[in-house]
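**Student:** My questions concern the predicted model and sequence given below.
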Amino acid sequence: MRKLLRRGRYLDPAQQVVEGDLLLEGDLISRILAPGEDPGQPVDAEANLEGMVVFPGLINAHDHLVETFPGPGNPSPSQNWYEWEAEVKKTPAYMAMHRLSAADLYTLGMYRNVLSGVTTVVDHFPREVSAAFQGMPLVSLLEHFFLAHSVSARRLEWGQGIQHEFAQARGILPFIVHVGEGFSQDLQEECENLNRLGALGENTVLVNPLALSGPHLEVVATRKASIVWCPASCQNVFGAQPPVGEALKLGIRLTIGADRALANPGNLLHDLREARRFAREKLGGGISDLELIRMVTQTAAEVFRIDKVCGTIAPGKKANLLVFEDTAGSPLESFFALTPGRIAMVVHQGGLVFGDEALRSICSLDNGNYSEVLVEDRPKILMGRPLHLLDRIEDKLETPPRFPFLPLFPGK
């Protein structure tokens, strides 16, 4: 199916917002045309994006979709991840979450991501669970990677062991691991221990390394490893952030993740705003808006070795797109003000999965596969049956939860 997106502006690979028409064929971006240029062949559907901006679909660099449930909050900062997790497991929220199926939790997580413009999710969880949810139409889950939970004796036994998993990655595929997620002595030693195990390399991705010190950061930089930063969950759980300013000065690549909803009731858009606030207040503006956007598009694609298929808007790449109205008269300001209701369209592999009712013609929709919903009192169409999902969850639980990351109501 050939689709033409006319009269919009798009973020090009050089990080410039330029005018152009996008021609999509199947699940790919086929051509980028000059404004008004004849595509040469008839198209099946066309959308007028005048006044709108098209970004690459966002990449959420860290999530645990099976824990997509509103958490209990954290009245005081935790010193490390395992103390926080032990306390969370005692709460009614955690117990309620475990009354739901993995399928329902994964679907909630996918909707949480779609409503923030995400088209690719790095679900850091053992393959025997996450593999069952690959190939779903809402979002893409990163398929090819190896993992460990963490390094200290407190780690969860994910995968087949740190050294085996790293060796299996062969320096080509990402090896993803939490390192230094807290301030206790054992977590402060994780980076050094990972290096001793020979598992710190250019394909290693370190998640939320709050405990990294100067010397450890220098080793990470020397090994050319990358970092995932989850600003909202770090603030909510630990009341602190990793040394992102120092990491950037050393040339370490950073990406941004939303983390599990238990630790962050928001979504990736909230994390971007938190990262922006932190950069302005604590780093003297040391991270530009364009750098933050790269962290959830181009840089993330490079870190997770999927830059040949996504991360930028270019011919031959997957048609994964986030479309929004330039309400602020500045594409960057409009992007950082985005909420689910202000998103005009999310396109995943050439198909509309969420968007304005007015844009439904772009995909010649089979109405049986979509729901009409209100998001922030704006009429939208959303793939699947999210309201049925919420009704089913309500029936399973004695106290119906409120999902702040899913502001959905039945359409009018």
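**Tutor:** That came through, no problem. Residues are numbered from 1 along each chain as shown.

**Student:** Compute the mean per-residue pLDDT across the lengthiest helix in the chain, please.
**Tutor:** Ranked by residue count under DSSP state H, the longest helix found in the chain is helix 268-282. The pLDDT scores in helix 268-282 average 97.

**Student:** and it, which residues are buried?
**Tutor:** Using 16 or more other CB atoms under 10 Å as the test for burial, helix 268-282 gives 268, 269, 270, 271, 272, 273, 274, 275, 276, 278, 279. Every C-beta, even on glycine, is put in place using the N, C-alpha and C of the backbone.

**Student:** which residues does the third one contact?
**Tutor:** Under the criterion of CB atoms under 8 Å, 6 or more residues apart in numbering, the contact list for residue 270 reads 116, 232, 258, 264.

**Student:** what about the third one, neighbour count?
**Tutor:** It stands for residue 258. 31 (other CB atoms under 10 Å).

**Student:** State the distance from the spatially closest residue to it that is not a sequence neighbour to residue 245.
**Tutor:** Nearest residue to residue 258, sequence neighbours excluded (CB to CB, 6 or more residues apart in numbering): residue 268, at 4.5 Å. In this view, residue 268 and residue 245 are 21 Å apart by CB to CB, to the nearest Å.

**Student:** Quick one: low-confidence residue ranges for this protein.
**Tutor:** When residues are selected by pLDDT under 70, those of the chain lie in 363-367, 412.

**Student:** go with 50
**Tutor:** For the chain, applying pLDDT under 50 flags no range at all.

**Student:** Could you list the domains of it?
**Tutor:** Residue ranges for each domain of the chain read 1-56+314-362, 58-303, as given by automatic domain parsing.

**Student:** any idea which of those domains is most buried?
**Tutor:** Burial of the domains of the chain is given as mean neighbour count (mean count of other CB atoms under 10 Å); domain 58-303 ranks first at a mean of 20.

**Student:** Contacts only, for the spatially most central residue of the chain.
**Tutor:** In the chain, the residue lying closest to the centroid (CA atoms, centre = their mean) is residue 60, at 1.5 Å. If a contact means CB under 8 Å, 6+ apart, then residue 60 has 113, 116, 118, 120, 121, 122, 257, 258, 268, 296 as its contacts.

**Student:** pretty sure the residue nearest to residue 258 is touching residue 58, no?
**Tutor:** Yes - Residue 268 lies in contact with residue 58 (CB atoms under 8 Å); the separation is 5.9 Å.

**Student:** Pull up the overlap in contacts between these two.
**Tutor:** By CB under 8 Å, 6+ apart, the residues touching both residue 268 and residue 58 are 116, 117, 118, 296.

**Student:** Show only the entries of these found in strands.
**Tutor:** Judged by DSSP state E, those include residue 118 as members of strands.

**Student:** Let me know the closest of the shared contacts of residue 268 and residue 58 to residue 203.
**Tutor:** Comparing the shared contacts of residue 268 and residue 58 against residue 203 with CB to CB places residue 296 closest, at 19.7 Å.

**Student:** which residue sits closest to that closest one, ignoring its sequence neighbours?
**Tutor:** residue 58 (4.7 Å).

**Student:** Name whatever forms a beta bridge with the one you found.
**Tutor:** According to DSSP bridges, the residues that bridge with residue 58 are residue 118.

**Student:** Could you count how many residues lie near residue 395?
**Tutor:** Counted by other CB under 10 Å, the residues lying close to residue 395 total 8.

**Student:** Mind listing residues that contact stretch 223-232?
**Tutor:** Residues outside stretch 223-232 that contact it (CB under 8 Å, 6+ apart): 61-62, 122, 176, 195, 200-209, 220, 241-242, 244, 247, 252-259, 263-264, 266, 270-271, 274-275, 278, 295, 303.

**Student:** Quick check: phi and psi on the nearest residue to residue 49 once chain neighbours are set aside?
**Tutor:** Nearest in space to residue 49, with sequence neighbours left out and distances taken as CB to CB, 6+ apart, is residue 8 at 3.1 Å. Taking degrees, to the nearest 10, you get phi -100, psi 180 for the backbone angles of residue 8.

**Student:** and what of residue 262?
**Tutor:** Backbone geometry at residue 262, expressed as degrees, to the nearest 10, gives phi -60, psi -30.

**Student:** ok, it to residue 107 distance?
**Tutor:** Taken as CB to CB, the span from residue 262 to residue 107 is 16 Å.

**Student:** show me the contacts for residue 346.
**Tutor:** With contacts defined as CB under 8 Å, 6+ apart, the neighbours of residue 346 are 57, 114, 117, 119, 321, 322, 323, 352, 353, 354, 355.

**Student:** Cool, thanks, talk later.
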